[in-house]
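In: this is the structure alone, sequence omitted:
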């Protein structure tokens, strides 16, 4: 099947959103935890977290246009610069998924979706206790993407909490950490490791 | 295990790159195909492709600092504005992986890594024939991320080529399309669908 840009524009809105949200392939499944300066906590599932660099350790995520609906995650980050990123595991994909419903700001998705807040010393934002692999982030910069009104939110990893089982042969193994992936807006996947290769050097490339 | 930002800075470079490239969770595995205006083709594996919006259908990817090493993908995109994004499948993760070696610009990774060029009418950049799920992209904008010298390259989908088997119950199913994921720099994963939920409405959220 071959769709041109005209075909994509002609799709009905819901189908277009479903299809175009799936075409990048698998996406990471993470919960972002925040708190307002008046103490209202928020947690929301994101599939757009992207590695930007390792030194400093910078991650980005894409925020839909803030004009569309209130973005509690972003307003909390703007208030105190602090957020957490927490891997989703198979045991709570349902709870993670429903954090994307547009609950009122007064309702904490932690309470409503059955997830538990967890705090560490000297870090304001709530972690997700059910997650075994999580990060405390310091906001660094928000870049407006004028083409469509989205925002690339960039932060640095201040705290990295990983399970002991994460390391297999000196590498983090996402099958062992029971991390999951997302496609589109609604589907969740388990991961099965199928191959690991050495760093690709020109002189060591096999004959294909 | 708990690493602070100081611990991360104190890691040796190779370990830090391995760890921090894995912390976002699973990443998509795609090959980007390009051609220079003098006809030299290039294909390279990327794990940073991110959905930016569906209307217009915009995808981004992150490019490491161009000062470090020559970036043939980016120079080709700058020459003619045209590139392809092609899903990696389990049968050629090895070939996809070795496209990341720093081959000379005169050497096409298509030839050296055993991948096949494929062209469609009125579109200059090469697709990867072995990939069943692929897109022809029109370059739109490059955004410099000053924090670390990386670049967010944004393009619009002009052509979307999907296998007939992609749609399961009206949704794209990445297990059916045999798409794979990447963690860190070296590990490849198959996907097993475990759950699909409806669009999350406040009024339909279960009691958790």
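Out: Now that the structure is in, tell me what you want to look at. Keep in mind it's a predicted model, so treat the numbers as computed, not measured. Numbers count the residues shown, from 1 in each chain, chains lettered A, B, ... in the order given.
In: so where do the helices sit in chain A?
Out: For chain A, applying DSSP state H gives helices covering A:5-10, A:13-20, A:72-80, A:93-98, A:109-112.
In: the ones you listed into TSV, with extra columns for distance to residue B:111?
Out: Quick note: C-beta positions are derived from backbone N, CA and C, even for glycine. Converted to TSV, these look like this (distance: least, Cβ to Cβ, whole Å):
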stretch	distance to residue B:111
helix A:5-10	31
helix A:13-20	32
helix A:72-80	46
helix A:93-98	42
helix A:109-112	51
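In: ok, which of these comes nearest residue B:12?
Out: Among these, helix A:72-80 comes nearest to residue B:12, with 31.5 Å by Cβ to Cβ.
In: that older thread, deepest in the core, which of the helices of chain A is it.
Out: Most buried of these, by mean neighbour count (mean count of other Cβ atoms under 10 Å in any protein chain shown): helix A:93-98, with a mean of 24.
In: that helix - contacts with which helices or strands?
Out: Where contact means 3 or more Cβ pairs under 8 Å, 6 or more residues apart in numbering or on different chains; DSSP states H and E, helix A:93-98 is packed against strand B:187-196.
In: what angle separates the strand it packs on from strand A:187-196?
Out: 160 degrees (axes from the mean of the first three to the mean of the last three Cα atoms, to 10 degrees).
In: which stretch among the helices of chain A comes nearest residue A:176?
Out: Among these, the nearest to residue A:176 by Cβ to Cβ is helix A:93-98 (18.0 Å).
In: what does the closest one rub up against?
Out: With Cβ atoms under 8 Å, 6 or more residues apart in numbering or on different chains as the test, helix A:93-98 has contacts from A:29, A:31, A:45, A:88, A:109, A:112-115, A:130, A:180, A:186, A:188, B:194-195, B:197, B:200, B:205-206, B:208.
In: surely residue A:125 meets residue A:83?
Out: Yes - contact criterion Cβ atoms under 8 Å: residue A:125 and residue A:83 qualify, at 5.1 Å.
In: what is in contact with these two at once?
Out: The contact lists of residue A:125 and residue A:83 share A:33, A:34, A:76, A:136, A:137, where a contact means Cβ under 8 Å, 6+ apart.
In: mind listing the residues bridging to residue A:145?
Out: Residue A:145 forms beta bridges with residue A:150, as assigned by DSSP bridges.
In: for it, what are its contacts?
Out: Residue A:145 is in contact with A:151, A:152, B:52, B:141, B:143, B:152, B:154, counting by Cβ under 8 Å, 6+ apart.
In: and the residues you listed, which is closest to residue A:12?
Out: Set against residue A:12, the nearest of the contacts of residue A:145 by Cβ to Cβ is residue B:52 (20.5 Å).
In: per-residue confidence at the closest one?
Out: Note on residue B:52: pLDDT of 98.
In: contacting residues for it?
Out: So residue B:52 contacts A:62, A:145, A:147, A:148, A:150, B:58, B:59, B:60, B:154 (Cβ under 8 Å, 6+ apart).
In: now those residues in TSV, with distance to residue B:101?
Out: Shown next, in TSV, are the contacts of residue B:52 (distance: Cβ to Cβ, whole Å):
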residue	distance to residue B:101
A:62	30
A:145	32
A:147	33
A:148	35
A:150	34
B:58	30
B:59	25
B:60	24
B:154	27
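In: in strands only, show me those residues.
Out: Among the contacts of residue B:52, the ones falling in strands (DSSP state E) are A:62, A:145, A:150, B:58, B:59, B:60, B:154.
In: show the buried residues in the contacts of helix A:93-98.
Out: Neighbour-count burial (16 or more other Cβ atoms under 10 Å in any protein chain shown) applied to these gives A:29, A:31, A:45, A:88, A:109, A:112-113, A:115, A:130, A:180, A:186, A:188, B:197, B:200, B:205.
In: ok, the residue lying closest to residue A:35 once chain neighbours are set aside - contacts?
Out: Excluding the flanking residues, the one nearest residue A:35 by Cβ to Cβ, 6 or more residues apart in numbering or on different chains is residue A:41, at 4.8 Å. Residue A:41 sits next to A:33, A:34, A:35, A:108, A:110, A:117, A:126 when contact means Cβ under 8 Å, 6+ apart.
In: do that again at 6 Å, thanks
Out: Contacts were defined as Cβ atoms under 6 Å, 6 or more residues apart in numbering or on different chains; by that measure residue A:41 touches A:35, A:108, A:110, A:117, A:126.
In: what about it, distance to chain B?
Out: Distance of residue A:41 to chain B, computed by Cβ to the nearest Cβ, to the nearest Å: 16 Å.
In: repeat that for residue A:120.
Out: On the measure of Cβ to the nearest Cβ, residue A:120 and chain B end up 8 Å apart.
In: so for residue A:65, what's the pLDDT?
Out: We have a pLDDT of 82 for residue A:65.
In: my read is that it contacts residue A:151, right?
Out: No - counting by Cβ atoms under 6 Å, residue A:65 stays clear of residue A:151, with 8.0 Å between them.
In: these two - which one has more neighbours?
Out: Neighbour count, other Cβ atoms under 10 Å in any protein chain shown: between residue A:65 and residue A:151, residue A:151 has more, with 18 against 14.
In: now that one: closest residue in space that isn't a chain neighbour?
Out: Distances taken as Cβ to Cβ, 6+ apart put residue A:63 closest to residue A:151, at 4.4 Å, once the chain neighbours are dropped.
In: tell me the pLDDT of residue A:170.
Out: 82.
In: same check on residue A:79?
Out: At residue A:79, the model reports a pLDDT of 96.
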